[in-house]
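K.L.:
Fold the following and give me the result.
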Amino acid sequence: MAQSQKRLAELRDGKLQLPYLKNADWVLGFAEARAKAAKTGKPIFAYFTRSDERCMNSISMECGALAEDGFREFANSVVPFCNITTKVKTDADQELFEAKGGVKYPHVVLMNAAGNVRYVVRGEKLSDFQNGLQELGELEALRKRVDAGDRHAKYPFLKKQLELQHLDFPAAKKAMKKLPRLSKAQNRELAPLLLRAEVHHIVSRAGKSQKARAKAGEKFFRMHKAGRVPIQDGLLPFWLHILDYAEMAKKAVIYEEALDTLKQEFPELPWMEQERTLRELQSNG
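P.N.:
Numbering: from 1, shown residues only. Presented below is the predicted three-dimensional model:
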């Protein structure tokens with residue numbers, strides 16, 4: 001049953017009173033966060049959470065790393081920005097979670113003043129946040145070496161760019177042509193990073209068209225059968241598009257395989273709708 005706007009506003013107001021928001025100088029508006037980042041030169045530390053539903057993973061972070069004394073010190077080196085999905089129609093920035101790559105809550109990223117994601121935090125510890133700043137610092141150091149003409153920095157710079165997803169697939173392929181001849185070990189290191197970039201590129205080109213998504217899913221299924229499965233955040237769109245392909249092609253066996261994989265990899269996400277679709281495919285087969 002849908003909650004009323006009044007109840008959603010009450011839940012939002014309750015969320016805004018939680019102790020973690022008093023542990024740093026949090027900014028709640030995206031435009032304000034970007035302006036502050038531009039003025040200070042600091043990256044935006046964006047924490048995406050929700051108030052419309054209870055989220056145990058968000059509660060864990062809000063009672064954990066975000067409430068630690070060490071976070072106050074960390075917050076001095078960034079612009080701490082909290083985006084709350086409230087479902088209140090008049091609240092700003094409600095589309096931002098999805099726009100910045102959010103799939104599940106909490107979602108934590110580092111952005112520049114332009115609002116571009118520069119690092120996706122994987123983990124819920126303070127050390128995971130600090131690692132993001134360190135990774136971006138290492139990238140900048142490598143960039144300076146490349147700009148200074150250090151040819152030995154070109155490969156680690158490209159690898160770091162791919163790790164942080166600062167290059168799309170066409171740009172990565174173009175950059176590889178400018179590298180010195182790579183060793184077998186280096187090619188092995190780049191392979192999963194390039195595959196993830198390729199998957200994201202195919203997904204972005206498919207867009208929201210069901211037919212295009214199914215076509216991408218068919219390609220992904222062939223990649224899966226060839227043993228080419230992406231890493232990290234490439235995994236979810238990879239299998240979701242395979243679901244689209246299997247549904248459109250009415251292939252219950254493939255749909256079941258994809259759904260089983262998604263349920264195993266992402267047990268916290270709801271899969272009831274997909275389970276209904278599977279039953280329909282199986283009954284019609």
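K.L.:
Is Lys208 within a helix or a strand, and which one?
P.N.:
When secondary structure is defined using DSSP states H and E, no element contains Lys208, which sits outside every helix and strand.
K.L.:
got it, and Arg118?
P.N.:
Using DSSP H and E, the element containing Arg118 is strand 117-120.
K.L.:
same check, this time on Val108
P.N.:
With DSSP H and E as the criterion, the answer for Val108 is strand 107-111.
K.L.:
same deal with His201?
P.N.:
His201 belongs to helix 184-206 when assigned by DSSP H and E.
K.L.:
Check which helices and strands that helix sits against.
P.N.:
helix 154-163, helix 169-176, helix 210-225, helix 235-249 (3 or more Cβ pairs under 8 Å, 6 or more residues apart in numbering; DSSP states H and E). (Glycine included, C-beta is placed from N, CA and C.)
K.L.:
what sits against the residue nearest to Pro237 when sequence neighbours are not counted?
P.N.:
The shortest distance from Pro237 to any residue other than its chain neighbours is 4.7 Å, reached at Val203 (Cβ to Cβ, 6 or more residues apart in numbering). With Cβ atoms under 8 Å, 6 or more residues apart in numbering as the criterion, the residues that contact Val203 are 216, 237, 241.
K.L.:
Give the pairing partners of the strand holding Arg118; include direction for each.
P.N.:
Partner strands for strand 117-120, per DSSP bridges, with pairing direction: strand 107-111 (antiparallel).
K.L.:
I figured Thr40 was touching Val79, is that so?
P.N.:
Yes: shown here, Thr40 and Val79 form a contact pair, counting by Cβ atoms under 8 Å, at 6.7 Å.
K.L.:
for stretch 111-130, what is the average pLDDT?
P.N.:
Mean pLDDT, taken over the full extent of stretch 111-130, equals 95.
K.L.:
in the stretch 1-150 of the chain, what spans have low per-residue confidence?
P.N.:
Within the stretch 1-150 of the chain, the ranges that satisfy pLDDT under 70 run 1-2.
K.L.:
Quick check: the gap between Leu243 and Gly207.
P.N.:
Computed as Cβ to Cβ, to the nearest Å, the Leu243 to Gly207 distance reads 16 Å.
K.L.:
Neighbour count: these two, which is higher?
P.N.:
Of the pair Leu243 and Gly207, Leu243 is the one with more neighbours under other Cβ atoms under 10 Å, namely 23 against 9.
K.L.:
If you drop the residues flanking it in sequence, what lies closest to Lys211?
P.N.:
Closest residue to Lys211 apart from its sequence neighbours, by Cβ to Cβ, 6+ apart: Met248 at 7.5 Å.
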